[in-house]
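A.B. asks: Curious how this folds, go ahead:
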Amino acid sequence: MGEQEITNFKLGERESVAASDALPLAEEYALQSAGAAFHALADTMPQMVWSTLPDGSHDYYNARWYEFTGVPFGSTDGEGWAGMFHEDDQPGAWERWRHSLATGEPYEVEYRLRHRSGEYRWMIGRALPILNDDGEIQRWIGTCTDIEEQKRTALQNEILSQELSHRIKNIFAIISGLVSLTARTSEAFAETAKELLGRISALGRAHEFVRPHSEKSRPFVKDATLLTLLATIFESYPAYSDGRLVITGSDVDIDSRAATPIALIFHELATNAMKYGALATENGRVALEVEQTDSEVEFSWTESGVKLDRDAGAEPGFGSRLIDMAIRQQLGGSFERQWNPDGLTLKMRVKRSRLHTV
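C.D. replies: As a prediction, this is how the structure comes out:
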C-alpha cells in the first residue's frame, strides 16, 4: 500500500487514516468490507452474510453461503444469486430488492433457497445500506437466516388448529341434533329446545367467525373485529336486514376468547327484543352504539317505539343471568338498565383487554 498506513477499521466507520494521499471514501468502504478482518468476522456468523455494491451487484459471500449452497466460489457474484432461489419466489424477491435499491429502505423478504442437496429451504433475507457522511449508499450488507423449522412448525400448528376447529364445529352440529331429537319426542321440551338451539346457533356463528380458516374454508368476511362479529350474529334476524336493528360506533379487534360471550349476550338481547321488546312491534327500533376508551368498551343497547312493562324484568330469567355472567365474569365488566318512556337502554361496559389479547 506504499506510504499509506490504514489501521483499526470498523465497518461503516473510519478510526484513523494516516497517508500521504487520503483514500477516496468509496475505496475506504470497499476496503473495509473486503478486508481480512471483516471476512473473518463474517465467517463466524451462523447466518449467511453477503454484501453488494451500491447498484446491488453482489461481490462477497461468507463461508456459510458456500457451505449451504455448495456452489463454486464466486459463481453467484453479480446477479448470479437469483438462480439459487425458487422460481416462484424470484419475482417477489426481485421486486423488493429493486425497491430497496431505489429508495434506500431496508430489505426484508422470505424466499426458498436451494440447498446443496437440491432441496429448497425457507430463508428470511435482510439487508441494510451503509451510508457515507453525505447520506449516499456505499454498500449493502445482508444476511440469509434459515427459518425452515419455524415454517414447518407454523404449518403443523395451522393444520392442527383447523382440525380441532372442524371437530368443534361438528360437536355443535351433534348437540343441535340431540336437542332437536329430544324436542320431537317431548312436547313439554319444545319451547325450551327452540331457545337452546338459538343459543347454540349463535355460538356456532361466533366460532365460525373467529376460527382458523384455510383459503378455501374462509368465509367472505372481513377481519375479526367487534362490529363484523355483531353483524354476523344479527344477520339471521329479519329486523337487521330491515334496518330496524342498527349498529353504530367504533370498531375494535376481537379474539376467540371474547367471541363466545359477545355472541351469547347479543343473541339473548335480540331474541328478547323480538319476543317481548321493541322488535315485537312494527314501529319498534333497536340501536346498538359502541364507544371505546383506552381501557373500556361501552355498549348502549337502546330499544324504542314500544312501552315496556318494568315489572316484567323484576325476576331475572335464565337469559338475564346468562348476560350477567358473560359481562361480569367473562368480560370483566358491568351493566345497568335504564327505563325510558318508549323503551329502555341497557349500558354495558367491558374491559377492552378482555376483547383482544395483544
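
A.B. asks: which SSE is the closest residue to Y61 other than its chain neighbours in?
C.D. replies: Counting by C-beta to C-beta, 6 or more residues apart in numbering, Y61 lies nearest to W50, which is 4.9 Å off, once chain neighbours are set aside. Bear in mind the C-beta positions are built from the backbone N, C-alpha and C, glycine included. Assigned by DSSP states H and E, W50 belongs to strand 48-52.

A.B. asks: which residues touch the helix or strand following that strand?
C.D. replies: Counting by DSSP H and E, the next helix or strand C-terminal to strand 48-52 is strand 58-61. Contacts of strand 58-61 from elsewhere in the structure, counted by C-beta atoms under 8 Å, 6 or more residues apart in numbering, are 33-34, 39, 42, 48-53, 76-81.

A.B. asks: Repeat that for stretch 322-334.
C.D. replies: So stretch 322-334 is in contact with 258, 260-262, 264-265, 268-269, 296, 316, 335, 348-351, 353-355, going by C-beta under 8 Å, 6+ apart.

A.B. asks: Please flag which of those sit within helices.
C.D. replies: Residues of those located in helices (DSSP state H): 258, 260-262, 264-265, 268-269, 353-355.

A.B. asks: now the residues you listed: which count as buried?
C.D. replies: 258, 260-262, 264-265, 268-269, 354-355 (16 or more other C-beta atoms under 10 Å).

A.B. asks: okay if I get those as a markdown table plus distance to E149 and pLDDT?
C.D. replies: Listed next are those as a markdown table, based on distance: C-beta to C-beta, whole Å; pLDDT from 0 to 100:
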| residue | distance to E149 | pLDDT |
| --- | --- | --- |
| A258 | 32 | 83 |
| T260 | 34 | 80 |
| P261 | 37 | 85 |
| I262 | 37 | 86 |
| L264 | 40 | 81 |
| I265 | 42 | 87 |
| E268 | 46 | 84 |
| L269 | 48 | 90 |
| R354 | 34 | 89 |
| L355 | 33 | 88 |
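
A.B. asks: remind me which residues of the chain are low pLDDT?
C.D. replies: Across the chain, the ranges flagged by pLDDT under 70 are 1-35, 159-169, 172, 199, 202-203, 205-223, 309-319, 357-358.

A.B. asks: buried stuff in whichever helix or strand R126 is part of?
C.D. replies: Element membership for R126 (DSSP H and E) is strand 120-131. Across strand 120-131, burial judged by 16+ other C-beta under 10 Å covers 120-125, 127-130.

A.B. asks: got the contact list for the following helix or strand past that strand?
C.D. replies: The first helix or strand that comes after strand 120-131 along the chain, using DSSP H and E, is strand 137-146. By C-beta under 8 Å, 6+ apart, the residues outside strand 137-146 that reach it are 11, 25-26, 29-30, 33, 45, 47-54, 56, 65, 68, 100, 104, 107, 113, 121-132.
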